[in-house]
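J.: Sequence and predicted structure are below.
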Amino acid sequence: MKYILTALAITSTLVATGCIKETASSQTTTPNTTTTAEANHHEGHNMDGGKTSGTEHNSHGNHSADSTLKPANAIAKLTVPTKITPKIPVELVIDIKDKEGKTIDNFDQFQEQLMHLIIVSDNLESFNHIHPIYKGKGRFTVKTDFPQAGGYTLFSDYKVAGKAEQVSILKTQVSGASGNNTAKIDLATTKTFGNTQANLKLSQPTIKAGKNVHLIFNLLDTKSNQPLKDLQNYLGEKGHLVILKQSSSFTEADYIHAHAMKDTPEGEIHFMTSFPKPGKYKMWGQFNRNGKIITADFWVDVQ
């Protein structure tokens, strides 16, 4: 079995010829190539009170920013099999190192995990939120599958010990005919997910870029049509909200991770956030209903 290693350089790319493909810190994707972006900021989207580096606009979430935390400027490298087949589980390996290529050993837990990995297909049809296991010496691993062929972007969210939280952008390709890569935009505000009906309510009829907006997920039981009474915390909070701006190639600027507000009415999950630029955004709200995670997805149009 052959392995190919790439240098930790911003312009490095990989041509995979062995059984495993590895890349680090590249913004350009080629067939059968996984890429990572050097993500040393989270565009002000806080997950656990830590202020991240980069251009600071509104804090998305309800935690106060800690301006004393400095960015780790870490580099993430993704290693996956050369060929990934839809619906066949594969192991993902993510190695975290500093800019000098030295292994980073220590990480802080936030939102009950050491790493949150958001995997989204480039057409925004597929969404997965999983938590790689830390194996030591900067290495995280997780086994998962990809439901369809095409490109995927992975948002690896972690916090080097004593440093600000950061998000690394990684990319991979799943073999096969990818079909329609155009996102299917549905602006409906009421949807049903199993035995849960979700109604999306906005604090204003038109969302303006750069302005705070109050998002309310009103959750009802489909049989009784009554507000849910069996909601439990998920990752330490009433709910989580991941938002992505429709884009031809996702960057950290397109990614928002908001957190539920406290003390809201029964069956309602509230978020306060803002959208940095005009465009179409897809949102995935995640809630714990009696031990089962519900993922409610909605589109919004930002002016």
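T.: Looks like it came in fine. Residues are numbered from 1 along each chain as shown.

J.: Any regions of the protein where pLDDT drops low?
T.: 1-67, 179-180 (pLDDT under 70).

J.: which ones are touching the residue lying closest to Tyr134 once chain neighbours are set aside?
T.: Closest residue to Tyr134 apart from its sequence neighbours, by Cβ to Cβ, 6 or more residues apart in numbering: Leu114 at 5.0 Å. To be clear about C-beta, it is placed using only N, CA and C from the backbone, and glycine gets the same treatment. Neighbouring residues of Leu114 by Cβ atoms under 8 Å, 6 or more residues apart in numbering: 107-108, 131, 134, 140, 158-159.

J.: hmm, 7 Å instead?
T.: Taking Cβ atoms under 7 Å, 6 or more residues apart in numbering, we find Leu114 in contact with 107, 134, 158.

J.: Out of these, which sit inside strands?
T.: 134, 158 (DSSP state E).

J.: which one of the contacts of Leu114 has the most neighbours?
T.: Counting neighbours by other Cβ atoms under 10 Å, Tyr158 leads these with 28 neighbours.

J.: from memory that one sits against Asn106, does it?
T.: No - Tyr158 is not in contact with Asn106 according to Cβ atoms under 7 Å; the separation is 11.2 Å.

J.: on that earlier part again, pick the one among the contacts of Leu114 closest to Ala188.
T.: Closest approach to Ala188 among these (Cβ to Cβ): Tyr158, at 34.2 Å.

J.: Enumerate every residue touching the nearest residue to the closest one once chain neighbours are set aside.
T.: In space, and not counting its chain neighbours, Tyr158 is closest to Met115: 4.5 Å by Cβ to Cβ, 6+ apart. By Cβ under 7 Å, 6+ apart, the contact list for Met115 reads 131-132, 140, 156-158.

J.: ok, and the most crowded of the residues you listed?
T.: When neighbours are taken as other Cβ under 10 Å, the top entry among the contacts of Met115 is Tyr158 (28 neighbours).
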